[in-house]
Structures are given as C-alpha cells and as structure tokens.
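Colleague: Need a 3D model of the sequence below.
(one chain, ligands or ions: 1)
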Amino acid sequence: MPRRTIHLALCTLAFAAAAATSGFAARRAPVPAHSGARADQSDGGDVARGAGDLTTAVTTAAHGVAGAPPEVGAGEVRRVLDAGSSGTYMDELLRGRDSSLARWPDRYSRPLAVWVQPAAPVDGWRPEFVLRAREAFEEWQRVSVPVRFTFVDDSARADVHLSWVDRFDEPISGKTLWARDERWWIVSADIVLALHHRDGTPLDESAMRAMALHEVGHLMGLDHTRDARNIMAPRVRVRELSAADRATVRLLYSVPPGRVR
Ligand SMILES: [Zn+2]
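Modeller: Sure, this is the predicted structure:
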C-alpha cells in the first residue's frame with residue numbers, strides 16, 4: 001500500500017453583514033480596481049518576473065486546450081513558475097507548503113467522479129444546494145486545466161465526496177480533507193460544507209456556492225491567499241473565481257507536482 005499523506009484545509013465564510021460593507025457589490029466585476037475588499041497584499045506585484053524565454057510554454061498551458069499539460073523537466077519547474085507567476089498567488093502557495101506543489105494527475109479523458117450528498121437530514125437543508133455545489137465544480141472545470149468532473153450517484157465509485165453538516169464546532173464554514181501520494185499527486189478529496197455559521201445563521205444559496213468554489217479550489221491543489229478579492233481567501237468574501245484564482249490553478253497544472261527546487 002503506497003504511503004499517503006493527509007492534508008486538511010479549514011475555511012470560513014465572511015459574515016454577510018461584514019461583506020455588505022466591504023465591496024460585495026463589486027463581486028462580479030472582473031477587475032474590482034476600487035473594491036473596498038482589497039487587502040493589503042498585492043496581487044503578485046512583488047513576485048519574480050523574467051525568464052521570458054519560457055513564457056511560451058506557460059502561455060500554452062494557460063490556454064491549454066484539451067489534454068495533458070506540456071512536458072516540463074524537473075529542472076525547469078522553477079523557471080516556468082517564475083515566468084508565469086505574475087498575476088497569481090503561486091508564491092504564497094509555495095511558501096505555505098514548504099515549496100511543494102500538489103495536484104491531480106491528468107484527469108481530462110478520465111474525469112474525476114464526484115458524489116454530492118443528494119439530501120441531508122439537517123434542518124435548513126435545501127435541494128438547491130446540490131445544484132450550487134455542482135456549479136462550483138463546473139466553474140473550475142472551465143478554467144482549462146486537464147481535470148474534468150463527472151457526477152455519480154454511487155458514493156463508493158467516487159474519487160471526491162461532498163457532504164453537508166448542520167454546523168462545525170469550530171468557527172469555520174467548510175473543510176476539505178485531501179490525500180496525496182509520495183510524489184505529491186492528489187489521490188482523493190472530501191469536502192464538508194456547513195449549512196449554518198457556528199452561531200446558527202444559515203448560509204443562503206449564493207454563500208453555499210461560494211464556499212463550494214473555495215473548497216473545490218483546495219481540492220484542485222490550491223491553498224489560501226491573503227488577497228480577499230480571490231475565492232481562495234481564508235475568509236471567503238467574493239462569490240466568483242478571480243483572474244488570479246484562474247491563473248494560479250493554470251500555472252499549478254503547467255508543472256509536475258512535488259518539491260520545487
Ligand atoms: Zn480554505
């Protein structure tokens with residue numbers, strides 16, 4: 001049995017009251033330049049640039065049509081990441097994981113089987129939550145990385161499970177537990193979403209979809225970023241993927257996983 005390492009991400013939804021005063025209205029703007037939600041963290045302005053000779057490879061991955069990412073030799077990974085890091089939060093991802101990256105292998109032609117718990121015996125549960133959760137997977141699928149999803153009814157057949165709880169004991173709204181092998185390929189992932197904040201405030205459909213987007217981001221191999229304009233902020237404020245969310249996951253899937261040297 002190959003050794004597996006388990007990772008856990010704990011995540012919070014910003015309360016609606018707080019969100020309403022911090023630029024929620026701009027959430028659908030593609031570049032909320034004046035958004036009050038902007039964090040102090042710059043959006044990649046301080047990351048390494050250069051290595052322009054590899055820009056082509058990165059661009060190919062970014063627009064990656066179907067299929068496998070371009071072949072990148074182990075020695076070139078750092079240069080590819082540096083060349084493509086502008087507009088991403090790859091630097092935070094690397095710092096947070098001791099310079100290691102985890103991702104799924106190519107699952108374009110053999111999509112990941114996703115089981116979304118179809119009903120939950122929990123007060124406040126609504127069938128629409130299943131639709132919003134599925135939309136989250138579909139949204140990430142549109143980002144042109146070599147991972148696709150297919151929804152299955154049999155949880156025993158699934159690579160990925162999403163289930164619901166009433167609320168967590170901790171001040172969180174969602175969590176993702178994922179496992180990787182020794183080479184940092186992700187091999188499984190389970191998401192749990194809460195129907196209520198810890199104080200009992202229910203999440204509406206929009207909030208549930210945003211939390212699902214965030215957790216699926218973890219499932220893809222992303223981690224938290226301090227910039228609150230991104231869906232991967234630890235306290236989720238926005239409702240859609242940002243350009244940086246998309247660019248970061250594309251960059252992640254343009255290189256092999258493992259320790260970046
Ligand atoms: Zn999170």
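
Colleague: separation between residue 93 and residue 218?
Modeller: 11 Å (C-beta to C-beta, to the nearest Å). Placement of C-beta: from N, CA and C, glycine included.

Colleague: So, low pLDDT: which residues of the stretch 51-200 of the chain?
Modeller: Applying pLDDT under 70 to the stretch 51-200 of the chain flags residues 51-71, 74.

Colleague: longest helix in the protein, by residue count?
Modeller: helix 205-220 (DSSP state H).

Colleague: and it, which residues are buried?
Modeller: Across helix 205-220, burial judged by 16 or more other C-beta atoms under 10 Å covers 207-220.

Colleague: what packs against it?
Modeller: Judged by 3 or more C-beta pairs under 8 Å, 6 or more residues apart in numbering; DSSP states H and E, the packing partners of helix 205-220 are strand 5-13, helix 128-141, strand 160-165, strand 174-180, strand 186-194, strand 235-236, helix 243-252.

Colleague: burial count for residue 83?
Modeller: 23 (other C-beta atoms under 10 Å).

Colleague: and it, that one's in a helix?
Modeller: Yes: counting by DSSP: H, G, I helix; E, B strand; the rest coil, residue 83 is part of a helix.

Colleague: Now do it against the ion, distance only.
Modeller: Distance from residue 83 to the ion, counting by C-beta to the ion, to the nearest Å: 27 Å.

Colleague: Excluding chain neighbours, what is closest to residue 200?
Modeller: Nearest non-adjacent residue to residue 200, counting by C-beta to C-beta, 6 or more residues apart in numbering: residue 167, 7.2 Å away.

Colleague: pretty sure the one you found contacts residue 196?
Modeller: Yes: between residue 167 and residue 196 a contact is recorded at 4.3 Å, counting by C-beta atoms under 8 Å.

Colleague: between those two, which one's more packed in?
Modeller: residue 167 (20 against 17).

Colleague: now residue 228: how far from residue 93?
Modeller: Taken as C-beta to C-beta, the span from residue 228 to residue 93 is 17 Å.

Colleague: er, residue 240 I mean
Modeller: Residue 240 is 20 Å from residue 93, by C-beta to C-beta.

Colleague: How about residue 100?
Modeller: 9 Å.

Colleague: Likewise for residue 2?
Modeller: Taking C-beta to C-beta, one finds residue 2 at 24 Å from residue 93.

Colleague: And those two? Which one has more around it.
Modeller: Neighbour tally, residue 2 and residue 93, criterion other C-beta under 10 Å: the higher count belongs to residue 93, 26 against 7.

Colleague: Could you say whether the nearest residue to that one once chain neighbours are set aside sits in a helix, a strand or coil?
Modeller: Excluding the flanking residues, the one nearest residue 93 by C-beta to C-beta, 6+ apart is residue 223, at 5.3 Å. Classification of residue 223 using three-state DSSP returns coil.

Colleague: Touching, residue 223 and residue 94? I think so.
Modeller: No: when contacts are counted by C-beta under 8 Å, residue 223 is not listed as touching residue 94 (9.6 Å).

Colleague: Contact distance from the ion - what residues of the stretch 1-150 of the chain qualify?
Modeller: 9, 11 (C-beta under 5 Å from the ion).

Colleague: Most proximal residue of the stretch 1-150 of the chain with respect to the ion?
Modeller: residue 11 (3.0 Å; C-beta to the ion).

Colleague: ok so, going back, quick check: which of the helices and strands packed on helix 205-220 is nearest to residue 77?
Modeller: helix 243-252 (10.7 Å; C-beta to C-beta).

Colleague: Tell me the first helix or strand C-terminal of the closest one.
Modeller: Proceeding N to C from helix 243-252, the next assigned helix or strand is strand 258-259, under DSSP states H and E.

Colleague: who are the neighbours of that following strand, in terms of helices and strands?
Modeller: strand 100-101.

Colleague: what's in contact with the strand it packs on?
Modeller: For strand 100-101, the external contacting residues (C-beta atoms under 8 Å, 6 or more residues apart in numbering) are 93-94, 184, 221, 252, 255, 257-260.

Colleague: after that strand, next one along is what?
Modeller: Following strand 100-101 toward the C-terminus (DSSP H and E): strand 107-116.
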